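Student: I would like to see how this sequence folds:
(chains A and B)
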Amino acid sequence: MSDYDFTSIEKKWQAYWETHQSFKVTEDPKVPKDKRRYVLDMFPYPSDAGLHVGHPEGYTATDIYSRFLKMRGYNVLHPMGFDAFGLPAENYAIKTGTHPRASTERNINRFRDQIKSFGFGYDWDREVSTCDADYYKWTQWIFLKIFEKGLAYEAEMPINFCPSCKTGLANEEVKDGLCERCHSRVERRSLRQWILKITAYAERLLADLEKLDWSESIKVMQRNWIGRSEGASVIFSLEDKTPIEVFTTRPDTLFGATYLVLAPEHPLVPKITTPDRKKAVAAYVDAAGRKSDLDRTELAKEKTGEFTGAYAINPVNGGKIPIWIADYVLISYGTGAIMAVPAHDERDFEFATAFKLPIVQVVSRDGKPMELKEAFTEDGVAVNSGRFSGLPTPEFKKRITEWLAGKGLGKATVNYKLRDWLFARQRYWGEPIPLVHCPKDGIVPVPYDELPLKLPDVKSFAPTGTGESPLAAIADWVNVTCPKCGGPAKRETNTMPQWAGSCWYYLRYLDPKNDKAFSGRDKIDYWMPVDLYVGGAEHAVLHLLYARFWHKVLFDLGLVNTDEPFRRLVNQGMITSFAYERPDKSLVPVDQVDERENETFIERATGKPVARIIAKMSKSLKNVINPDDVVREYGADSMRLYEMFMGPLEVSKPWTVSGILGVKRFLDRVYKLGDKPLADGEPPRELLRLLHKTIRKVTKDTDNLCFNTAISQMMIYSGEIAGLDTLPRALWEPFLLVLAPYAPHLAEELWEKCGRKPSISAHPWPAWDEALTVDETVTIVCQINGKVRSRLELPRDLKPAELEKAALADARIRELLAGKKPAKVVTVPNKLVNIVVKG
RNA sequence: GCGAGAGUGGUGAAACUGGCAGACACGCCAGACUUAGGAUCUGGUGCCGCAAGGCUUAAGGGUUCGAGUCCCUUCUCUCGCACCA
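Tutor: Predicted coordinates:
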């Protein structure tokens, strides 16, 4: 008897797969379209911390699924690569002087080794790195296509600027006013920027979500982010007839508009402000300009504003209403101006109350005015609205919009919260934007045949912080001749954001070495779209929105075959860890806590009890699990199996050491089963039945990504056959086959040990015989008034009358009935009999 | 505040279209063998009760012969959004 030496077994088979190119994929034209699958992982950013346990969770899921599909006869594309441009490498370079390329390469090599140590069946010939010139050549190429299509523009405008990362950020990269990456407070700064017109695709990005098999929560996040709202734009005018356009979703409340509010940045503000209000207004505008978005929202409780001294005319009733400015109105949404209806909008109500402005009710619940202690924002029936009074809200909206349109005073309008995508970074380690600024010809694209525009070497990686990237300091790179007129010109020195490379990497995998095109059209047609995309939910509105946008642009250019890239998306849950919390909610690192009996935990330093909680893994809590350690101590197969056994893929779940021991024991048992002598005879009937049930369950569960229940079925099965002295081949080999996607190294080893030729991954998946899964007898539950009172072991498929008869004949049932007559008997074939008695 | 998802043993979790709640695993208990490093094997283990039996899927109500599952109300947690007019 030998020990389960997982380390040498895993090394052996990883070497075998590598030398035999077991997972190399080609575009075999004989395989029909419905037998091809593209299974994609979100590629990692190779940080210097190495892989964390969250990475192999998604990767294991897709690996099991891909191996499973392959065994079922599919041609499966399952590639891996690296999202390799980005700030951490650059920051490291600033600190140490190491070129980002050097540290990135080192990290990639480490990541690749780590990923390989799990035995994932990637086709490594298709590996891509977004920072390779051969790759970013095509990122630049696609950018130029976007530029040519008029979807990229340059603008100098106030933007989100992270003072710590020293670069501008897209809206999607700011969370609660903090930089999504480093959590510094984001400032407002005016910078020259390159911006992509993602808003031009807002409607399609929204509508096409319907076609996608994605989790509802991600779709909702994207919908909210795009933020479509239907309403009307209405033109108010000043006394001197200057028009002011506002956007409202409630044109039905026009009669209740008692003042207008402009954003402080609104261009009309300086023009309309009366001399006596100039000083106060200018001070307010200045203060608002210096506030960050966070400041503006943090102070949300107290409404502030200033009266401009000007008045506007309400187009529906000729009412003269004051015009205010306030920072609760955003210049970037709608027209930067609103009509305020305090009776029916909470914010306007607050503002009107604070500044003692009139509140006029124009909607009521039932057509009769009611007392308003707060804004009534629901739909209702119009009041105080002239000849529109009495109309229900939706009808009113339609009628008033038509009326306004007829008078040229407004029209139906759709607005989106989505803003254009700020696409320039004032940093070094990214794709150079391939444009040239010529004093004569303006913006001139770098000719396609000069791509890639290579990232030059620099002396200093440090961002200047002035809105210029480190590239600006390299005179002989910056100064060029204009591709158009040949005169002196300057290169664009901004680089692209990290998201650029990941917008299309799934297309490069299809044809990674193509130097004529970003990807061959035949390859795109062969594989696309991605059938299953697995990754973390943190990219819900960043990568996933940007990639959809680029894909749609490529689709419109006729360069790809579908208008959506990722047909099905699954977000794996986070792997968390236990930590401890004092009664005051402060956290205690795990190494400072002792466990006592019955689930109590004591902080060693104080001797006081602390509560066990589930927390994200973090260095400070000392609860980080390093996957390398796990592979070394328990083996890759145990790690794979454990991460899948913990619970459903989509939910987050805490790591426990005892949990991995459980699956390790299972693999130990399976390994020992391999020592039993094999027999060729007919296996026992019950075990054969269990085998077919197991094949069925593992097949269906794997297909549905329900790996935890598939594993539990394999545990049950292995437990049952463990009692045999000799192992019928017919029970053993099919089991190894269903185990193979889950614990591929062990399965290969045992497959070889029982005399089969490797690789098991190339062997067809076993089929189950439905007839063989059927039990001869079934347990019939006998209930009286819904309570289980007895169980009967009966032949299958008895008729209802027979079931009823059997149940009523049961001694226990007769005793409990005590002669009472059943009022009703419900029977469910092969399941139960429920006897209903009264009284 | 709004939106989405979720609340099942000591723990991670199962449960198909309403039909034996708690599969599988951890932990714990008992036994076997005896133990060199998280041993292994067998049995038990939702709660209350000596027992018969009763109770049990966040709480309460409803529909139903029958509800973890469907409907209503409330509570709690996680995530996302948050002056978007």
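
Student: which bits of the stretch 51-200 of chain A sit near RNA strand B?
Tutor: A:175-176 (CB under 7 Å from any atom of the strand). Placement of C-beta: from N, CA and C, glycine included.

Student: could you redo the last one with a cut-off of 10 Å?
Tutor: A:171-172, A:174-177, A:180 (CB under 10 Å from any atom of the strand).

Student: Quickly name whichever of those residues is closest to A:E752.
Tutor: The closest of these to A:E752 turns out to be A:E180 (CB to CB; 48.8 Å).

Student: Mark which of the residues of the stretch 51-200 of chain A next to RNA strand B are buried, thanks.
Tutor: Neighbour counting with 16 or more other CB atoms under 10 Å marks A:171-172, A:174, A:177, A:180 as buried within these.

Student: The nearest residue to A:T777 once chain neighbours are set aside: what secondary structure?
Tutor: In space, and not counting its chain neighbours, A:T777 is closest to A:E793: 5.3 Å by CB to CB, 6 or more residues apart in numbering. The three-state label given to A:E793 by DSSP: H, G, I helix; E, B strand; the rest coil is strand.

Student: Now whichever strand or helix holds A:E105: buried residues?
Tutor: Following DSSP states H and E, one finds A:E105 within helix A:100-116. Using 16+ other CB under 10 Å as the test for burial, helix A:100-116 gives A:100-101, A:103-105, A:107-108, A:110-112, A:114-116.

Student: tell me the domain ranges of chain A?
Tutor: For chain A, automatic domain parsing gives the domain ranges A:1-30+A:624-774, A:229-415, A:575-615, A:777-836.

Student: which one of those domains lies closest to A:D457?
Tutor: domain A:1-30+A:624-774 (33.2 Å).

Student: Not counting its neighbours along the chain, what's nearest A:Y4?
Tutor: Going by CB to CB, 6+ apart, A:Y4 has A:Y671 as its nearest residue, at 3.9 Å.

Student: how many other residues sit next to the one you found?
Tutor: 22 (other CB atoms under 10 Å).

Student: that older thread, same for the helix holding A:E105, what does it pack against?
Tutor: Where contact means 3 or more CB pairs under 8 Å, 6 or more residues apart in numbering; DSSP states H and E, helix A:100-116 is packed against helix A:54-71, helix A:87-96.

Student: and those as a markdown table, adding mean neighbour count and mean pLDDT?
Tutor: A markdown table is the format used below for the helices and strands packed on helix A:100-116 (neighbours: other CB atoms under 10 Å; pLDDT from 0 to 100):
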| stretch | mean neighbour count | mean pLDDT |
| --- | --- | --- |
| helix A:54-71 | 24 | 96 |
| helix A:87-96 | 19 | 88 |
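
Student: Please produce JSON lines containing those, extended by distance to A:A310.
Tutor: Output for the helices and strands packed on helix A:100-116, formatted as JSON lines (distance: least, CB to CB, whole Å):
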{"stretch": "helix A:54-71", "distance to A:A310": "56"}
{"stretch": "helix A:87-96", "distance to A:A310": "46"}
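
Student: Go through the ones you listed and name the closest to A:V588.
Tutor: helix A:54-71 (23.1 Å).

Student: Next, the angle from that closest one to helix A:100-116.
Tutor: 60 degrees (axes from the mean of the first three to the mean of the last three CA atoms, to 10 degrees).

Student: so for the helix or strand just after helix A:54-71, what's the average pLDDT?
Tutor: Using DSSP H and E, the helix or strand that follows helix A:54-71 in sequence is strand A:75-77. Strand A:75-77 shows a mean pLDDT of 97 in the predicted model.

Student: For strand A:75-77, name the packing helices and strands.
Tutor: strand A:36-41, helix A:54-71.

Student: Can you list the strands that the first one pairs with?
Tutor: Right, strand A:36-41. When sheet partners are counted by DSSP bridges, strand A:36-41 sits next to strand A:75-77 (parallel), strand A:532-535 (parallel).

Student: which stretches of the stretch 1-150 of chain A have low pLDDT?
Tutor: A:1-2 (pLDDT under 70).

Student: same thing with the stretch 401-550 of chain A?
Tutor: Looking at the stretch 401-550 of chain A by pLDDT under 70, you get A:465.

Student: now the strands: where do they sit in it?
Tutor: Assigned by DSSP state E, counting those that start in this stretch, the stretch 401-550 of chain A shows strands spanning A:410-415, A:421-422, A:435-438, A:442-445, A:479-481, A:488-491, A:532-535.

Student: of all those strands, which lies closest to A:K197?
Tutor: Nearest of the strands of the stretch 401-550 of chain A (CB to CB): strand A:421-422, 7.9 Å.

Student: Centre of the chain to that closest one, how far?
Tutor: When C-alpha coordinates are averaged (CA atoms, centre = their mean, to the nearest Å), strand A:421-422 and its chain have centres 19 Å apart.

Student: the strands in the stretch 251-400 of chain A, which residues?
Tutor: According to DSSP E, counting those that start in this stretch, the strands that the stretch 251-400 of chain A contains are A:259-262, A:306-313, A:320-325, A:337-340, A:363-364, A:381-382.

Student: could those be laid out in CSV, adding mean pLDDT and distance to RNA strand B?
Tutor: CSV is the format used below for the strands of the stretch 251-400 of chain A (pLDDT from 0 to 100; distance: least, CB to the nearest atom of the strand, whole Å):
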stretch, mean pLDDT, distance to RNA strand B
strand A:259-262, 95, 8
strand A:306-313, 94, 14
strand A:320-325, 95, 12
strand A:337-340, 95, 5
strand A:363-364, 90, 13
strand A:381-382, 92, 16
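
Student: which residue packs closest to A:K368, ignoring adjacent ones?
Tutor: Counting by CB to CB, 6+ apart, the residue nearest A:K368 is A:V383, at 7.3 Å.

Student: how far away is that neighbour from A:K373?
Tutor: 17 Å (CB to CB, to the nearest Å).

Student: Ok, A:T273 next?
Tutor: Separation of A:T273 from A:K373 (CB to CB) stands at 34 Å.

Student: hmm, back to that, out of the strands of the stretch 251-400 of chain A, flag the one nearest A:W550.
Tutor: Per CB to CB, nearest to A:W550 of the strands of the stretch 251-400 of chain A: strand A:337-340, 33.5 Å.

Student: Quick check: neighbours of the closest one in the sheet, parallel or antiparallel?
Tutor: Here, using DSSP bridges, strand A:337-340 pairs with strand A:259-262 (antiparallel).

Student: Can you get me the centre-to-centre distance for the strand it pairs with and its chain?
Tutor: Distance, centroid of strand A:259-262 to centroid of chain: 39 Å (CA atoms, centre = their mean).

Student: Isn't A:W214 up against A:L569?
Tutor: Yes. Using CB atoms under 8 Å, A:W214 is in contact with A:L569, at 4.2 Å.

Student: Adding distance to A:I159 and mean neighbour count as columns, could you present the strands of the stretch 251-400 of chain A in JSON lines?
Tutor: Shown next, in JSON lines, are the strands of the stretch 251-400 of chain A (distance: least, CB to CB, whole Å; neighbours: other CB atoms under 10 Å):
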{"stretch": "strand A:259-262", "distance to A:I159": "21", "mean neighbour count": "25"}
{"stretch": "strand A:306-313", "distance to A:I159": "25", "mean neighbour count": "20"}
{"stretch": "strand A:320-325", "distance to A:I159": "22", "mean neighbour count": "20"}
{"stretch": "strand A:337-340", "distance to A:I159": "22", "mean neighbour count": "26"}
{"stretch": "strand A:363-364", "distance to A:I159": "39", "mean neighbour count": "24"}
{"stretch": "strand A:381-382", "distance to A:I159": "42", "mean neighbour count": "21"}
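
Student: Make JSON lines from these and add distance to A:H55 to it.
Tutor: Output for the strands of the stretch 251-400 of chain A, formatted as JSON lines (distance: least, CB to CB, whole Å):
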{"stretch": "strand A:259-262", "distance to A:H55": "49"}
{"stretch": "strand A:306-313", "distance to A:H55": "53"}
{"stretch": "strand A:320-325", "distance to A:H55": "50"}
{"stretch": "strand A:337-340", "distance to A:H55": "47"}
{"stretch": "strand A:363-364", "distance to A:H55": "53"}
{"stretch": "strand A:381-382", "distance to A:H55": "57"}
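
Student: Tell me which of the ones you listed sits nearest to A:I613.
Tutor: Here strand A:337-340 is closest among the strands of the stretch 251-400 of chain A (CB to CB), at 44.1 Å.
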